[in-house]
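> no FASTA, just this:
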């Protein structure tokens, strides 16, 4: 019989000002403090609220998300807005490891405006999240897992921007001092008035590394209107280019200036450094493929067999923007001096049509004048999942799966190894 100690119930709330609905930009969020779970060391949970959308397609909507730092429990969650009937309803998930679940369109600005008299108290409404952790349900007890978390290390710095720097021309930039941690040198490049003309009136913040490639989770934050505004990105950084975003608008910046007309932007970075998440192009041939020169007749086909793989952190499923992708290098196909190929993975889908899915594409090129057919299978390492494909290799011809697999199904496959999910593509290139 299940005892009370096998369950833990908790509640957290966030006060959201009505003025933040339009003041915040998509992707910017407010976070609750991390809540500890008693008797479970290192297990915490917390929530985010996105006052103006969790992504660019959700502007004008309020998004919410719940996070846990560990797993091996069943989690029931319900979000509500106090004094209204607005709710996500109760959803329950079995969590084998660190978990996150988002409701990107929890409610809309228009809906809140219609309910203003009931919702807003002194210009503020309250988002409430109720959770129940169940540590001894049958599904959990029969499927206990020791999830090996990716090795990580953290660092941070402060970017101090003077109000007068907002008058810089777009593209003019400044840099922080370089910092070194665990063999990774990193620094911030920031543009007080945007990277390009299209970005002016925004502060751009970009992370750079030397010692990559490395998967990086970076968060920028500043205090504005009495609350900590945050924005996060998860990308693979290489030595040749930085990654970042338009962090805040000048309007937001001016609400954050201190008595000396400065704003401190805190930049926190977590590096995940292990082979499993380094993008790799793995070429292997089960049986030696004949060379083109060995064919004496044009009537005979020539087949090359090859394998290529790409890995991503599982946390990218819920913390990557729709349209963001990673790619292997364009790599020669084993046994051919004419074919090249690569894999591209979109953890949060390629376009809004694929939100909630992983998109994967195979890009192949050839200088062969004869027809070339590429056929094979995409697999998820450690599972029985596979999808077959076949296409003609021609200029500009890319094949793939806009909805390779849903996030919910992927999480159920238990295919995470050292915090990463590995996609493997096995293919034959047949010249006929």
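It's in. As the structure is a computational prediction, the values presented were derived from the model and not from experiment.
> okay, and for the chain, where does confidence drop off?
Across the chain, the ranges flagged by pLDDT under 70 are 1-5, 137-150, 273-301, 395-397.
> Which residue ranges of it form helices?
20-23, 109-114, 116-119, 138-141, 250-254, 316-319, 407-412 (DSSP state H).
> which of these is buried the deepest?
Highest mean neighbour count among those (mean count of other Cβ atoms under 10 Å): helix 316-319, with a mean of 20. Every residue, glycine included, has its C-beta placed from N, CA and C.
> Which strands or helices does that one pack on?
For helix 316-319, the contact count by 3 or more Cβ pairs under 8 Å, 6 or more residues apart in numbering; DSSP states H and E identifies strand 99-108, strand 227-237, helix 407-412 as packing neighbours.
> Quick check: which of the ones you listed is nearest to residue 364?
Judged by Cβ to Cβ, the one of these that comes nearest to residue 364 is strand 227-237, at 22.0 Å.
> right, and the helices and strands packed on helix 316-319 - which one's nearest residue 310?
When the helices and strands packed on helix 316-319 are compared by Cβ to Cβ, strand 227-237 sits nearest residue 310, at 10.3 Å.
> Just give me the residue right at the centre of this protein.
The centroid of the chain falls nearest to residue 320 when counting by Cα atoms, centre = their mean (2.2 Å).
> related to what we said a few turns ago, any chance of the helices of the chain in CSV, plus distance to residue 201?
Converted to CSV, the helices of the chain look like this (distance: least, Cβ to Cβ, whole Å):
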stretch, distance to residue 201
helix 20-23, 14
helix 109-114, 22
helix 116-119, 29
helix 138-141, 50
helix 250-254, 5
helix 316-319, 27
helix 407-412, 35
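> out of these, nearest to residue 189?
Among the helices of the chain, the nearest to residue 189 by Cβ to Cβ is helix 250-254 (17.4 Å).
> Buried residues, stretch 69-81. List them.
Within stretch 69-81, the residues scored as buried using 16 or more other Cβ atoms under 10 Å are 69, 70, 71, 72, 73, 74, 75, 77, 78, 79, 80, 81.
> now the strands for the stretch 201-350 of the chain?
202-210, 214-224, 227-237, 243-249, 262-272, 302-313, 326-327, 331-332, 339-346 (DSSP state E, counting those that start in this stretch).
> Turn these into a markdown table, columns for mean neighbour count and distance to residue 48.
Formatted as a markdown table, the strands of the stretch 201-350 of the chain follow (neighbours: other Cβ atoms under 10 Å; distance: least, Cβ to Cβ, whole Å):
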| stretch | mean neighbour count | distance to residue 48 |
| --- | --- | --- |
| strand 202-210 | 21 | 19 |
| strand 214-224 | 21 | 11 |
| strand 227-237 | 20 | 8 |
| strand 243-249 | 21 | 16 |
| strand 262-272 | 19 | 15 |
| strand 302-313 | 21 | 18 |
| strand 326-327 | 18 | 23 |
| strand 331-332 | 16 | 38 |
| strand 339-346 | 22 | 22 |
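> For residue 421, which of these is the nearest?
strand 302-313 (5.8 Å).
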